[in-house]
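> Next comes the sequence, and after it the predicted model I'd like to discuss.
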Amino acid sequence: NAGVTQTPKFQVLKTGQSMTLQCAQDMNHEYMSWYRQDPGMGLRLIHYSVGAGITDQGEVPNGYNVSRSTTEDFPLRLLSAAPSQTSVYFCASLAGGTNYGYTFGSGTRLTVV
Amino acid sequence: GDSVTQMEGPVTLSEEAFLTINCTYTATGYPSLFWYVQYPGEGLQLLLKATKADDKGSNKGFEATYRKETTSFHLEKGSVQVSDSAVYFCALKNTGNQFYFGTGTSLTVIP
C-alpha cells in the first residue's frame, strides 16, 4: 500500500533551471492535485486533474505546468525556477464520492537560489 | 467564495490539558468538513471528517461536530499528549470536489 509517492524529497535549484516533481498513486483515484505550502499561508492549489487527459488551474498556476497521461501519474513541471517558488510541494489524490478526503504524499521541499 | 478560517497559533499546552482549535467555514450548499494533522517533515494525514450537519467525527481521542447553524467544526481533545504536537488544518470539500484549507494551527504539548 504505497498510497501517494512523491519524488524527490528535497531539491535545490538555481534560478532559471527547470525540473519535474514526480507524483504517483496506486489507489486508482481519478482526482489529483498539487499544492504548495508556505508559512502562514496554508495550502494553495496549483493545478488539479479530474482524470487522465484532463487538467485545470488552481489558485496559483503561474510558472507551473502539469499533464495527466495516466491515472497513476501527475507530474508538476517548473519551467524556469524563481526564488518565489521556494516552498514545500504536496501532491494529493482523492477517492470518488462525497465522503472521502484527500490522501497526501510526504512532500517535496524545494529551494530556489 | 468558499473559505475556511481557523484559529491562529501557535498553541502551547501542558500534557493532559484540554484542547480546542476553532474552525469556521463559508460555503454554499452542504460541504464535507475535515481535520488534517501534519507532523514535522511529513505530509498531511486525515484525522477526522464529517459529511453532514450534526455529524461528529472522532479519531485518536479528537472530536469535531459539524454545526451548520454556527458554520463551525471546532476540534477538541480532552487530554493532550506530547505526541499530539503537530500542525492541524481544517478543510472543507464542496460539492464540486474543491478543497479549501485553513492556514493551520501549530500545537506544542509540553510534558
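Now that the structure is in, tell me what you want to look at.
> Apart from its chain neighbours, what residue comes closest to residue A:54?
residue A:68 (6.6 Å; Cβ to Cβ, 6 or more residues apart in numbering or on different chains). Placement of C-beta: from N, CA and C, glycine included.
> Let me fix that, I meant to ask about residue A:73.
residue A:24 (5.2 Å).
> Determine the number of other residues adjacent to that neighbour.
Per other Cβ atoms under 10 Å in any protein chain shown, the neighbour tally for residue A:24 reads 19.
> ok, now which ones touch it?
If a contact means Cβ atoms under 8 Å, 6 or more residues apart in numbering or on different chains, then residue A:24 has A:2, A:4, A:5, A:72, A:73, A:74 as its contacts.
> Just the element for it, please.
With secondary structure defined by DSSP states H and E, residue A:24 is part of strand A:19-25.
> Spell out which residues of chain B are next to chain A.
Residues of chain B lying near chain A by Cβ under 8 Å from any Cβ of the partner chain: B:32, B:34, B:36, B:42-46, B:49, B:51, B:89, B:91, B:93, B:95, B:97, B:99, B:101-104.
> Only the buried subset of the residues you listed, as a ChimeraX command please.
A single ChimeraX command is used to select the members of those judged buried by 16 or more other Cβ atoms under 10 Å in any protein chain shown:
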select /B:32,34,36,43,44,46,49,51,89,91,93,97,99,101,102,103,104
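> ok, which stretches of the chain are strands?
I went with chain A, as the question did not name one. Assigned by DSSP state E, chain A shows strands spanning A:4-7, A:10-13, A:19-25, A:31-38, A:42-51, A:54-57, A:64-66, A:76-78, A:87-94, A:102-104, A:108-112.
> my bad, chain B
B:3-6, B:11-14, B:19-21, B:23-26, B:32-38, B:44-50, B:56-59, B:62-65, B:75-77, B:86-93, B:99-101, B:105-110.
> Would you mind getting the angle between the longest one and strand B:105-110?
The one in question is strand B:86-93. 150 degrees (axes from the mean of the first three to the mean of the last three Cα atoms, to 10 degrees).
> Give me the helices and strands touching strand B:86-93, please.
Applying 3 or more Cβ pairs under 8 Å, 6 or more residues apart in numbering or on different chains; DSSP states H and E, we find strand B:86-93 packed against strand B:3-6, strand B:23-26, strand B:32-38, strand B:99-101, strand B:105-110.
> out of those strands, deepest packed?
Comparing the helices and strands packed on strand B:86-93 by mean neighbour count (mean count of other Cβ atoms under 10 Å in any protein chain shown), strand B:32-38 comes out on top with a mean of 24.
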